[in-house]
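J.: Next come a sequence and a model predicted from it.
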Amino acid sequence: MAIKLRWVPIEYSDIKAYKLYRAIIGFNTPTEAPFGLIMDDDLIFKANNDTTQTIVFDQDYSVDDLITYINQRAVGATAYRDYYSNALYFRSDNRTESGYLDIIGGTSLAKFGQAPRLIQEKSEPLYVTTTLFGVEEHDDMNGLVDDYYGLTTLNSLDQESSRTALIKASAFGGELCVIEGVIYDLQGARIADVPVTARVVNPPDKVNVHGMITTKPIYTLSAENGRFSLPILQGTQVIFYIDETRVSDTVEIPYEPYVYWDNLPIYEQYRYTGTADVK
């Protein structure tokens, strides 16, 4: 999904441009796929708990195949395609303060442009983009609602200011669960630009004070690799519509930060809507 960012312009100052930073519990590979991985390269890490995980790469991969390979093996972390380049993100599935990604080692680290370290909330702001003075907005196609953002300024001598405090791009009424899935055609090829729509059936039991939940649908589109993600308030019952695949299911959004589409529980009471005369 994309996060649309806007900030208040600073007037009457020597500002040539703004630099935007994003903090995630994870890393972005700065190199081009397929990253130069060879047989038996590995990645050793922990995600949100004390369990050490090792992913061994058995061949050279394209970026999409590498993402699939990682996601079939990683527990508590997910790989995503970088929207802007032939690279990937590797994020903790727990994107709140208690989540972390501990990169321990492996021969793939240097090829991913990484080093062993512990990544926690707000611990590593990543550079996103530079906008010229007068352009006070940016669509971050790699952004999620859990991410934190901060700004610096560049003056006419290209001197960079201190960064602002890291804050979220938008407010919301409760904890979110990111629903993620992949859309394929009959030949197993991943399909891009498929609309995925969700509409509330029952709101969650608890939201923030004065919070109100809209009955209007929200939607996203599948990416180039067929993958879609849609953040929804935990504890909500919603109807998902994917017309291209004839999906119309009412599901319960779990009290978890992340769930894969196939693991969503169907809410049986609302499976069938409307009435019909039987003769």
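T.: All right, it came through fine.

J.: The helix or strand containing Ser248: how far from the chain's middle?
T.: Ser248 is part of strand 247-252 when elements are defined by DSSP states H and E. Here the centre of mass of C-alpha atoms in strand 247-252, compared against the chain's by Cα atoms, centre = their mean, to the nearest Å, lies 22 Å away.

J.: Touching the helix or strand following that strand from outside, list them.
T.: Once the chain leaves strand 247-252, the next helix or strand it forms, by DSSP H and E, is strand 258-260. The set of residues that contact strand 258-260 without belonging to it, under Cβ atoms under 8 Å, 6 or more residues apart in numbering, is Thr78, Asp93, Asn94, Cys177, Val178, Ile179, Glu180, Gly181, Ile253. (Glycine included, C-beta is placed from N, CA and C.)

J.: In JSON lines, list these along with neighbour count.
T.: Rendered in JSON lines, the data for the contacts of strand 258-260 read as follows (neighbours: other Cβ atoms under 10 Å):
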{"residue": "Thr78", "neighbour count": "22"}
{"residue": "Asp93", "neighbour count": "22"}
{"residue": "Asn94", "neighbour count": "21"}
{"residue": "Cys177", "neighbour count": "20"}
{"residue": "Val178", "neighbour count": "21"}
{"residue": "Ile179", "neighbour count": "24"}
{"residue": "Glu180", "neighbour count": "18"}
{"residue": "Gly181", "neighbour count": "21"}
{"residue": "Ile253", "neighbour count": "24"}
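
J.: Looking at those, spot the one nearest Leu118.
T.: The shortest separation between Leu118 and any of the contacts of strand 258-260 is 13.9 Å, and it belongs to Asn94 (by Cβ to Cβ).

J.: what's the burial count for the closest residue to that closest one other than its chain neighbours?
T.: Distances taken as Cβ to Cβ, 6 or more residues apart in numbering place Asn48 nearest to Asn94, at 4.7 Å, with adjacent residues excluded. Here the number of neighbours of Asn48 (other Cβ atoms under 10 Å) works out to 18.

J.: And the helices in the chain?
T.: Using DSSP state H, the helices assigned to the chain run over residues 63-71, 108-111.

J.: related to what we said a few turns ago, show me which pair in the contacts of strand 258-260 is furthest apart.
T.: Asn94 and Gly181 (19.3 Å).

J.: Tell me how far Leu176 lies from Val182.
T.: As judged by Cβ to Cβ, to the nearest Å, Leu176 and Val182 stand 20 Å apart.

J.: When those two are compared, which one has more neighbours?
T.: Leu176 (21 against 17).

J.: Need the nearest residue in space to that one, chain neighbours excluded.
T.: Sequence neighbours aside, Pro231 is the residue nearest to Leu176 in space, at 4.4 Å (criterion: Cβ to Cβ, 6+ apart).

J.: In contact with the residue nearest to Asn94, which residues?
T.: Gly76, Ser92, Asp93, Asn94, Ser98, Gly99, Tyr100, Leu101.

J.: filter those to the buried ones?
T.: Applying a neighbour-count criterion of 16 or more other Cβ atoms under 10 Å, the buried members of the contacts of Asn48 are Gly76, Ser92, Asp93, Asn94, Gly99, Tyr100, Leu101.

J.: Could you verify my assumption that the second one touches Phe45?
T.: When you say that, I think you mean Ser92. No. In terms of Cβ atoms under 8 Å, Ser92 does not count as a neighbour of Phe45; the distance is 9.7 Å.

J.: which neighbours do these two share?
T.: Each of Ala77, Leu101 lies in contact with both Ser92 and Phe45 under the rule Cβ under 8 Å, 6+ apart.

J.: Looking at the contacts of strand 258-260, spot the one nearest Arg163.
T.: For those, the minimum distance to Arg163 (Cβ to Cβ) is 24.6 Å, reached by Asn94.

J.: And the closest one, how close does it get to Ala110?
T.: 27 Å.

J.: Do you know the pLDDT at the spatially most central residue of the chain?
T.: Nearest to the centroid of the C-alpha atoms of the chain, with distances taken as Cα atoms, centre = their mean, sits Leu144, at 4.7 Å. Each residue has a pLDDT score; the one for Leu144 is 82.
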